[in-house]
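>>> following is a predicted model, sequence given first.
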Amino acid sequence: MLVSAKDMLVKAKEGHYAVGQFNINNLEWTKSILLTAQELNSPVILGVSEGAGKYMTGFGTVAAMVKAMDESLGITVPVALHLDHGTYEGCYKCIKAGFTSIMFDGSHYDIEENVAKTSELVNVSHALGLSIEAEVGSIGGEEDGVVGMGECADPDECKRIADLGVDMLAAGIGNIHGKYPEGWPGLRFDVLDAIQQKTGAMPLVLHGGTGIPADMIKKAITLGVSKINVNTECQLSFADATRKYVEAGKDLEGKGFDPRKLLAPGAEAIKATVKEKMELFGSVGKA
């Protein structure tokens, strides 16, 4: 059964660990992440970007697949189905489709409009039992065509959004979507600490979890980060394993061209990456 992300993140904040949000891109991604979470007895959040939702033919298809798979695999750990970087319209589509959690990314609006739209979506989400994430300060890199330079969030604006009753808050602290470039200066822990001081018990979210050094991840968790998003790293693992399978000529042996065989090494690679991240985040055994 799918649940909202609220309770798992409150527990994570109190327990000083983080729950991983692993973005799904198709059936293999979903199955690999769910099986790994079950094996490690870890709560998990399945993230769906609007681009991935469109690729999978719509949020209704995604919700139906995830719910059916959760049941057929006998998954007992808490699983949240979460819209990642949602537009105002996208949030309503996911609410209608049966998602259990949404993120409204109003960071590109001025603070007044971000506050107004976030406040409305908080009321709608909570009335239906969904959890909601908001964002302040653009996250660097590119996400579904939206490019941010990695600005740091204003702690006072973070408090203003947190006070609207959101369940989790994503704040820019120098983090970047995708691969981190040479010379990246690292996370701004001074900004993170200032945000934590202003927002108190609010679980904070770190986007762009791929490529951040392990020691920085651990320090961020001590400063209130309770949810960490991973996408690119799973994509890279999947691509690398699939490339090796093809380059080794395995697809030419017997029925190696069968997609169930062709995609299997990539699916296993996703499992290994998710396991590594769950261990780093400290969520193993916390379901």
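Good, I have the coordinates.

>>> quick one: low-confidence ranges for this protein?
137-151, 209 (pLDDT under 70).

>>> one more pass at 90, please.
1, 106-111, 135-154, 171-188, 207-213 (pLDDT under 90).

>>> residue at max distance from the center of it?
Most distant from the centre of the chain: G254, at 38.1 Å, with distances by CA atoms, centre = their mean.

>>> is it fair to say that residue lies in a helix?
No - if the criterion is DSSP: H, G, I helix; E, B strand; the rest coil, then G254 is coil and not within a helix.

>>> tell me the spacing between it and L262.
In this view, G254 and L262 are 12 Å apart by CB to CB, to the nearest Å. (C-beta placed from N, C-alpha, C; glycine too.)

>>> which residues of this protein fall in helices?
6-15, 27-40, 50-55, 59-72, 88-97, 111-127, 155-162, 189-199, 214-222, 232-247, 259-262, 264-281 (DSSP state H).

>>> K96 versus the closest residue in space to N41 that isn't next to it in sequence, what's the distance?
Counting by CB to CB, 6 or more residues apart in numbering, N41 lies nearest to A287, which is 4.6 Å off, once chain neighbours are set aside. Using CB to CB, we find A287 at a distance of 28 Å from K96.

>>> A18 too?
From A18 to K96 the distance is 29 Å (CB to CB).

>>> which one's more surrounded, A287 and K96?
Taking neighbours as other CB atoms under 10 Å, A287 and K96 compare with A287 leading, 19 against 11.

>>> the more buried one contacts I75, correct?
No - taking CB atoms under 8 Å as the definition, A287 is not a contact partner of I75, at 9.9 Å.

>>> what sits in contact with each of the two?
Shared contacts of A287 and I75, defined by CB atoms under 8 Å, 6 or more residues apart in numbering, are found at A37.

>>> so for L206, which of the helices of the chain sits nearest?
With CB to CB as the criterion, L206 lies closest to helix 214-222 of those, at 5.6 Å.

>>> may I have the closest one exported as PDB, CA atoms only?
In PDB, the C-alpha atoms belonging to helix 214-222 read as follows (Å, rounded to 0.1, in the frame of the first residue of the first chain):
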ATOM      1  CA  ALA A 214      29.700  10.900   0.900                       C
ATOM      2  CA  ASP A 215      31.100  13.100   3.700                       C
ATOM      3  CA  MET A 216      29.000  16.000   2.400                       C
ATOM      4  CA  ILE A 217      25.900  13.900   2.300                       C
ATOM      5  CA  LYS A 218      26.500  12.700   5.900                       C
ATOM      6  CA  LYS A 219      27.100  16.300   7.100                       C
ATOM      7  CA  ALA A 220      23.900  17.500   5.300                       C
ATOM      8  CA  ILE A 221      21.900  14.800   7.200                       C
ATOM      9  CA  THR A 222      23.200  16.100  10.500                       C
END
